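Trainee: Provided below are the primary sequence and the corresponding predicted coordinates.
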Amino acid sequence: MKRLGESPPCVAINVALSLLVAIAALALASCGGTSTTASNSPSLMASPSAEPSQSATPLPTPTVAGTIAFTRLVEPGIGGNADIYVVNADGTGLERLTDDPGVEERPAWSPDGRRIVYGGYPRGWSGVEDASVWIMNADGSGKAQLTKGAVRGIYPSWSPDGKQIAFVNPLPDGYCIFVMNADGSGLRRATRPPAGGTPGAAVNDLFPAWAPNGKILLLRQGQVFAVNPDGSGLVQLTKGENIVEFALSPDGKRIAVHYNNSDRVAVVAAHGGGSPVALLEPVSDFIPDAPNAAPAWTPDGQALALASSSWTGHADGGGSRLYIVNADGSGLSAVPGIDNAVDPAWRPR
């Protein structure tokens with residue numbers, strides 16, 4: 001930041017003379033006179049202006065320690081390019097982990113923090129039929145494709161023991177949750193479209209998140225559900241306002257949700273009860289170009305990272321600053337130097 005010291009005497013005199021000329025011009029204009037100086041200079045009268053967006057308000061550097069993986073839009077657009085990066089919460093240590101054509105998105109850390117799974121779109125977001133689940137080491141080495149052929153894959157998530165991965169397989173009758181071993185073997189299906197649905201209307205199951213009790217949470221028709229990995233025991237956890245994104249806390253007791261109707265991110269109890277705790281409101285003030293927010297909990301559950309969600313708004317750009325906020329709604333901050341960020345994921349300690 002540029003520091004301002006005392007002005008040299010000649011500068012001070014010039015400033016004073018400029019002010020006197022401007023004041024004289026205003027006085028002449030008010031008496032019906034004219035002034036060449038006044039007509040060629042900007043008006044000194046304040047004009048009404050729009051209230052600045054909260055996203056433009058200077059925010060402090062986060063005090064929470066840790067490493068965050070995220071997707072960064074390199075070339076926005078449906079057929080554009082996006083890669084996975086990591087950065088420390090204080091803005092240091094920015095590193096690019098993927099540099100492939102198309103899109104790599106939705107990074108998810110293994111429980112030991114040594115590997116990352118992610119979804120890969122070789123032709124950008126328009127090529128969902130080619131999407132697959134990939135895995136790599138935490139430094140970006142050892143990339144391997146886990147789903148191939150007829151089995152596609154997006155939005156992967158690790159089981160608490162690190163032995164299984166849940167993901168979304170885009171099928172003609174809807175996006176469904178599948179489960180496989182961490183090496184890509186043992187594929188099985190966990191969810192199916194509900195019986196009795198409207199013919200031709202796909203029901204999409206999105207964003208699987210593995211709970212500590214072994215169940216898999218998912219988003220279906222704007223609400224969060226839980227299901228066993230074998231597909232049994234499907235139960236709805238949330239009701240009411242439409243949800244477009246969610247993240248389960250590490251202890252499985254709270255869910256961070258983005259409510260679409262009220263345009264806010266809040267923390268709610270996973271099994272109901274209590275009052276929501278607002279984190280960002282309205283979201284559009286902070287993420288104006290792609291106003292869906294993807295939350296990610298810190299390993300201790302005391303704070304969250306928040307950024308744009310890649311599954312909306314990417315046709316004409318998107319991404320946002322990378323925000324950090326305490327789980328009680330206090331202490332909003334932003335990782336310095338990071339813009340156009342998407343889908344954060346906090347590395348386990």
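Mentor: Looks like it came in fine.
Trainee: Just list whatever residues bridge to the nearest residue to residue 99 once chain neighbours are set aside.
Mentor: Using Cβ to Cβ, 6 or more residues apart in numbering and skipping the chain neighbours, the partner closest in space to residue 99 is residue 83 (5.9 Å). In short, each C-beta sits where N, CA and C put it, glycine included. Following DSSP bridges, residue 83 is listed with bridge partners residue 72.
Trainee: Tell me, how many residues neighbour residue 83?
Mentor: Under the neighbour criterion other Cβ atoms under 10 Å, residue 83 is assigned a count of 21.
Trainee: In contact with it, which residues?
Mentor: Residue 83 is in contact with 71-72, 74, 96-100, 104, counting by Cβ atoms under 8 Å, 6 or more residues apart in numbering.
Trainee: separation between it and residue 156?
Mentor: Distance of residue 83 to residue 156, computed by Cβ to Cβ, to the nearest Å: 17 Å.
Trainee: Check residue 279 too.
Mentor: Taking Cβ to Cβ, one finds residue 279 at 25 Å from residue 156.
Trainee: do residue 222 as well
Mentor: 22 Å.
Trainee: Compare these two and say which is more crowded by neighbours.
Mentor: Neighbour totals were compared for residue 222 and residue 156, and residue 156 leads with 25 against 14 (other Cβ under 10 Å).
Trainee: show me the contacts for the more buried one.
Mentor: 106, 108, 117-119, 133, 165-167, 208.
Trainee: Just give the closest residue to residue 127, not the sequence neighbours.
Mentor: residue 121 (5.3 Å).
Trainee: Can you give me the pLDDT of that neighbour?
Mentor: pLDDT, residue 121: 89.
Trainee: Same question for residue 203.
Mentor: On the pLDDT scale, residue 203 gets 80.
Trainee: and what of residue 150?
Mentor: 85.
Trainee: burial measure for it, as a count.
Mentor: Residue 150: 7 neighbours (other Cβ under 10 Å).
Trainee: element containing it?
Mentor: Using DSSP states H and E, residue 150 maps to neither a helix nor a strand.
Trainee: Quick check: phi and psi on it?
Mentor: Backbone torsions for residue 150, taken as degrees, to the nearest 10, come to phi -70, psi -20.
Trainee: Residue 129 versus that one, what's the distance?
Mentor: For residue 150, the distance to residue 129 - Cβ to Cβ - is 10 Å.
Trainee: right, and residue 120 touches residue 145 too?
Mentor: Yes - Residue 120 lies in contact with residue 145 (Cβ atoms under 8 Å); the separation is 7.5 Å.
Trainee: So these two - more neighbours on which side?
Mentor: Per other Cβ under 10 Å, whichever of residue 120 and residue 145 has more neighbours is residue 120, with 25 against 12.
Trainee: Who does that one form a beta bridge with?
Mentor: Beta-bridge partners of residue 120, as defined by DSSP bridges: residue 104, residue 132.
Trainee: so what's it up against?
Mentor: Counting by Cβ under 8 Å, 6+ apart, residue 120 has contacts 100, 102-104, 131-134, 145.
Trainee: which one of those sits closest to residue 324?
Mentor: Comparing the contacts of residue 120 against residue 324 with Cβ to Cβ places residue 104 closest, at 23.1 Å.
Trainee: Hmm, that closest one is touching residue 118, no?
Mentor: Yes - with contact defined as Cβ under 8 Å, residue 104 reaches residue 118; the gap is 5.4 Å.
Trainee: Quickly list what's touching both of those two.
Mentor: 84, 98, 134.
Trainee: ok, back up a step: can you list residues touching both of residue 120 and residue 145?
Mentor: Common neighbours of residue 120 and residue 145 (Cβ under 8 Å, 6+ apart) are 132-134.
Trainee: between those, which has the most around it?
Mentor: Neighbour max across those (other Cβ under 10 Å) = residue 133, 28 neighbours.
Trainee: Not counting its neighbours along the chain, what's nearest that residue?
Mentor: Sequence neighbours aside, residue 153 is the residue nearest to residue 133 in space, at 3.6 Å (criterion: Cβ to Cβ, 6+ apart).
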